[in-house]
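Fold the following for me, if possible:
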Amino acid sequence: LSSRHKEQQTKLKRMGEKPSAQKRATASKTNHEGSLFQKSFTWFQVFVAGLLGSSCCLLQLIVNVLTTLNVIHGIGCTGFNKTLGPVRPHLRAATGLWMGVSWYLAFKRGLPKRSLLFQTVIFLVLTFLPEILLMSGGPALAPPTDNVEVLKLKVDGMGCEACQTHVKGVLDQWGGVVESAVNFETGTAEVRVARQWAEGKPGAFDLKAVAKRLEEDGYYMEPEL
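Residues are numbered from 1 along each chain as shown. Predicted coordinates:
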């Protein structure tokens, strides 16, 4: 009897352990899924904060790339900066404060900082993308002052630094362009064209063709009066 009693107790114990093991496995899976969701949500917050700090400059760049690849046509400026641009300093201050609090809590609670470092880099790149674009598209080498024709143009449809960079890129790709300067805030462009390239040569700078090309991308250009 004693032997049978021990066997029954062993069986009951094993039966009691199985649900416990299943519960632990379920809890572990739930915690893992929760951790993945939290990490994904944190990265989502980083991207949103960076986009707000740059007036969604990255989204305009994506539109520009798709336009250049002829995937989409005629969209031009998406208008994000026209809405968010005036409050960009305030958005940057708010998102910067949020990132600062994140670092404070990480140090205070002894949390891992490697992931936060990567998130901070992404945040800063997205936030200051407009300034990065302007720096990367800075003025060219000083052009020759003789035998150069200066064209002053009016460009409608630009709303941010990404639009400005796109228009400048279209102007610079034409033959004979020595230098170009575009300003989205004033809606103007100035193009310096080598005079021998502005006289109808094949591949030379053609104002009508350039205007047509920009119109396809959603921008409208005409000589400034």
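
For burial, what's the neighbour tally of L225?
5 (other Cβ atoms under 10 Å). Just so you know, the C-beta spots here come from the backbone N, C-alpha and C atoms, and that holds for glycine as well.

correction: D156
By the criterion of other Cβ under 10 Å, D156 has 13 neighbours.

Just list whatever residues bridge to it.
Beta-bridge partners for D156, by DSSP bridges, are Y220.

Am I right that it is in contact with E215?
No: the pair D156 / E215 is not scored as a contact, 10.2 Å apart, by Cβ atoms under 8 Å.

got any residues that touch both of the two?
Common contacts of D156 and E215 (Cβ atoms under 8 Å, 6 or more residues apart in numbering): M221.

what are the ranges of the strands in the chain?
Taking DSSP state E as the test, the strands found in the chain are 148-156, 177-183, 188-194, 220-223.

quick one: the last one to chain centroid distance?
Centroid separation for strand 220-223 versus its chain: 28 Å, with Cα atoms, centre = their mean, to the nearest Å.

again with the longest one
Between the centre of strand 148-156 and the centre of its chain there are 29 Å (Cα atoms, centre = their mean).

Tell me what angle it forms with strand 177-183.
Counting by axes from the mean of the first three to the mean of the last three Cα atoms, to 10 degrees, strand 148-156 points 30 degrees away from the direction of strand 177-183.

what's strand 148-156 in contact with?
Under Cβ under 8 Å, 6+ apart, the answer for strand 148-156 is 167, 178, 182, 187-195, 198, 207, 214, 219-225.

Show the buried residues in those residues.
Listed as buried from the contacts of strand 148-156 are 167, 178, 182, 187, 189, 191-194, 198, 207, 214, 219, 221; burial here means 16 or more other Cβ atoms under 10 Å.

returning to that earlier point: redo the strands of the chain as CSV? Include mean pLDDT and distance to V48.
Below are these laid out as CSV (pLDDT from 0 to 100; distance: least, Cβ to Cβ, whole Å):
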stretch, mean pLDDT, distance to V48
strand 148-156, 91, 30
strand 177-183, 89, 29
strand 188-194, 90, 33
strand 220-223, 92, 32
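
Using TSV, lay out the ones you listed together with distance to I132.
Below are the strands of the chain laid out as TSV (distance: least, Cβ to Cβ, whole Å):
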stretch	distance to I132
strand 148-156	22
strand 177-183	16
strand 188-194	21
strand 220-223	25
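
Select, out of those, the one closest to V87.
Between V87 and those, the shortest gap by Cβ to Cβ is with strand 177-183, which sits at 21.0 Å.

Of all the residues in that closest one, which ones are buried?
Buried residues in strand 177-183, counted by 16+ other Cβ under 10 Å: V177, V178, E179, S180, V182.

And the residues you listed, which is closest to C57?
Distances from C57 to the buried residues of strand 177-183, taken by Cβ to Cβ, are shortest for V182, at 15.5 Å.

A189 is in contact with that closest one, correct?
Yes: assessed by Cβ under 8 Å, V182 is found in contact with A189 at 4.5 Å.

shared neighbours of those two, anything?
What both V182 and A189 touch, as defined by Cβ under 8 Å, 6+ apart, is the set V155, V167, K168, L171.

how about the helices of this protein, start to end?
2-53, 57-68, 80-84, 88-109, 114-127, 129-136, 161-172, 207-216 (DSSP state H).

Would you mind pulling up the elements that the third one packs against?
Helix 80-84 sits against helix 57-68, with contacts defined as 3 or more Cβ pairs under 8 Å, 6 or more residues apart in numbering; DSSP states H and E.

ok, residues contacting the helix it packs on?
Contacts for helix 57-68 (Cβ under 8 Å, 6+ apart): 50-51, 72-73, 75, 77-78, 80-81, 126, 129-130, 133, 159-163, 165-166, 217-218.
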